[in-house]
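Enquirer: Build me a model:
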Amino acid sequence: MTIDDLDRTVADAAASAVEATTLRDARGQGGRPWVRVVVIGGVLLLVAASTSSLPTVLVVVAIVAMIMIHELGHFTVAKLSGMKVTEFFLGFGPKLFSFRRGETEYGVKAIPAGGYVRIIGMNELDEVAPEDEARTYRNASFPARIATSLAGSFMHFVMAFLILWSIFSFVGVSDASKIVVGGLSAFQGGPSPAELAGVRPGDQIVAVDHHSVTSAQMLAQTINSNTGKRVSLSIIRSGHAMNINVTPTDARYVMEAGHHIYTGKSPLGVIGIELSYGTQTYSVIGGLTKTFGGMGSATWQTITALGSHFSPHGISQYISQLAHPSTNPSSSGAQSRFESPVGIVRLASQAVQAGLGSVLTLLFSINIFVGIFNLVPLLPLDGGHVAISVYEWVRSRKGKRYQMDVTKLLPLTYLVFTVLVLLGLTALYLDVTHPLGNPFG
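Expert: Numbering: from 1, shown residues only. Model prediction:
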């Protein structure tokens with residue numbers, strides 16, 4: 001997901017001998033690479049639709065699209081700055097197909113675990129034809145190099161902003177002050193008091209016995225203390241206000257699925273409803289205000305979490321998690337874990353089941369994390385290129401450009417790359433052997 005060639009070289013080295021032909025070569029073979037991709041994609045969509053997993057597939061496609069928008073940011077700024085971009089690919093490994101437009105080859109590779117843009121002359125180790133030297137990254141101006149390196153993360157922040165704004169202004173956020181009937185309980189032997197009274201899922205309970213409902217606990221306490229006594233519920237259904245009288249029954253004599261729901265000795269009134277929170281939406285302008293605040297809060301939380309993950313305590317906790325994995329998503333050990341592509345697909349499926357708000361929240365979180373993580377000032381991440389550009393600018397004097405010897409950074413770069421690979425492999429191991437529980441409830 002970076003613009004550096006190191007990760008691309010490592011990922012593609014073993015597969016370079018078996019790469020598929022480009023579109024230009026394919027034309028002489030009946031365009032088979034294109035057909036292969038279309039057929040595979042069509043089959044996957046049919047399988048997804050037949051197994052009711054199409055929404056999950058669409059979320060995964062959205063995540064892949066976010067990766068390519070990241071790369072599109074690098075690509076666009078580099079092009080506008082006059083740099084030569086020779087490749088723009090989704091994925092790594094064997095080439096499935098590609099085509100050329102002008103000086104750039106576009107395509108898809110077999111492992112959709114990222115993407116890359118190849119800009120010539122990222123450093124002095126990159127050999128470039130003499131006639132192209134003026135269009136290399138290393139010879140671009142300081143603002144152009146900074147803008148190109150930051151463009152990927154910038155696109156993630158733009159996407160995160162738009163997603164969060166959509167949540168606030170159109171989808172809505174959970175509002176604990178709005179108590180809604182999430183469902184009706186299935187009492188054994190007959191309908192529940194709520195069902196008999198005509199309460200329906202989706203009803204918002206605004207008052208009980210003419211007292212405003214301010215929390216789920218307040219509502220529960222009123223019902224629990226009125227066993228056998230009529231209780232008046234003021235509700236809003238589809239925008240219309242109405243009153244419903246319901247008589248709580250004694251939980252000691254209620255069974256669900258062959259089990260008593262309450263084993264206490266004192267009476268406890270229940271009416272058989274499952275409570276949830278309603279949602280609050282904001283105006284377009286109000287949503288923008290909330291989004292700015294939400295972006296700042298999420299960014300700071302992500303930075304803090306990353307610092308905690310790579311602190312001595314965080315590293316120790318992660319090693320402990322490998323030895324004794326926790327699957328509770330709210331546990332401190334589980335929160336130290338990273339998600340592999342397997343875990344992300346599982347999260348996508350769980351978010352789809354929870355609803356649109358959860359899907360958008362997942363996409364928002366991914367954008368914030370990837371945008372910030374890529375700014376870590378170490379190669380091969382984008383932040384490493386930013387750090388080098390800033391260092392060279394600081395060291396330059398009287399119009400004489402200073403160029404850093406990046407060969408001195410190779411040991412550290414290989415170490416960072418190794419750490420990233422180890423994190424990926426261990427995350428995959430945990431996601432396969434000890435998958436986390438559903439964080440969306």
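
Enquirer: Provide the contact partners of stretch 169-185 at residue level.
Expert: Residues from elsewhere that reach stretch 169-185 (CB atoms under 8 Å, 6 or more residues apart in numbering): 167, 192, 194-195, 199-205, 213-216, 219, 256, 270, 272-284, 286-288, 356-357, 360. Just so you know, the C-beta spots here come from the backbone N, C-alpha and C atoms, and that holds for glycine as well.

Enquirer: By mean pLDDT, point me to the weakest helix or strand of this protein.
Expert: helix 23-26 (a mean of 38; mean pLDDT, DSSP states H and E).

Enquirer: any idea how far the helix or strand harbouring residue 302 is from the chain center?
Expert: If you go by DSSP states H and E, residue 302 is part of helix 284-309. Distance of helix 284-309 from the chain centroid (CA atoms, centre = their mean, to the nearest Å) equals 14 Å.

Enquirer: buried sites along that helix?
Expert: Buried residues in helix 284-309, counted by 16 or more other CB atoms under 10 Å: 287, 290, 291, 294, 295, 298, 302, 309.

Enquirer: returning to that earlier point: looking at the contacts of stretch 169-185, which are in helices?
Expert: 194, 195, 216, 219, 284, 286, 287, 288, 356, 357, 360 (DSSP state H).

Enquirer: Taking those residues, tell me the two that lie furthest apart.
Expert: Maximum pairwise distance in the ones in helices among the contacts of stretch 169-185, criterion CB to CB, is 42.5 Å, between 195 and 288.

Enquirer: who's in contact with the residue most central in space within the chain?
Expert: Nearest to the mean C-alpha position of the chain, by CA atoms, centre = their mean, lies residue 366 at 2.8 Å. Contacts for residue 366 (CB under 8 Å, 6+ apart) come out as 63, 66, 344.

Enquirer: any idea which helix or strand carries the first one?
Expert: Which is residue 63. helix 54-80.

Enquirer: helices and strands around that helix, which ones?
Expert: Judged by 3 or more CB pairs under 8 Å, 6 or more residues apart in numbering; DSSP states H and E, the packing partners of helix 54-80 are helix 32-50, strand 85-101, strand 104-119, helix 142-166, helix 341-354, helix 356-373.

Enquirer: buried ones in the third one?
Expert: For strand 104-119, a neighbour-count test (16+ other CB under 10 Å) marks 104-105, 107-109, 112-119 as buried.

Enquirer: Could you dump these into TSV with pLDDT and distance to residue 379 added?
Expert: Putting those into TSV (pLDDT from 0 to 100; distance: CB to CB, whole Å) gives the following:
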residue	pLDDT	distance to residue 379
104	96	24
105	95	24
107	91	25
108	89	26
109	89	22
112	78	24
113	75	19
114	82	16
115	89	18
116	93	14
117	95	16
118	96	16
119	97	15
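
Enquirer: Output those as JSON lines; include the columns distance to residue 419.
Expert: What follows is those, written out as JSON lines (distance: CB to CB, whole Å):
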{"residue": "104", "distance to residue 419": "32"}
{"residue": "105", "distance to residue 419": "31"}
{"residue": "107", "distance to residue 419": "29"}
{"residue": "108", "distance to residue 419": "28"}
{"residue": "109", "distance to residue 419": "24"}
{"residue": "112", "distance to residue 419": "23"}
{"residue": "113", "distance to residue 419": "17"}
{"residue": "114", "distance to residue 419": "16"}
{"residue": "115", "distance to residue 419": "21"}
{"residue": "116", "distance to residue 419": "19"}
{"residue": "117", "distance to residue 419": "23"}
{"residue": "118", "distance to residue 419": "24"}
{"residue": "119", "distance to residue 419": "25"}
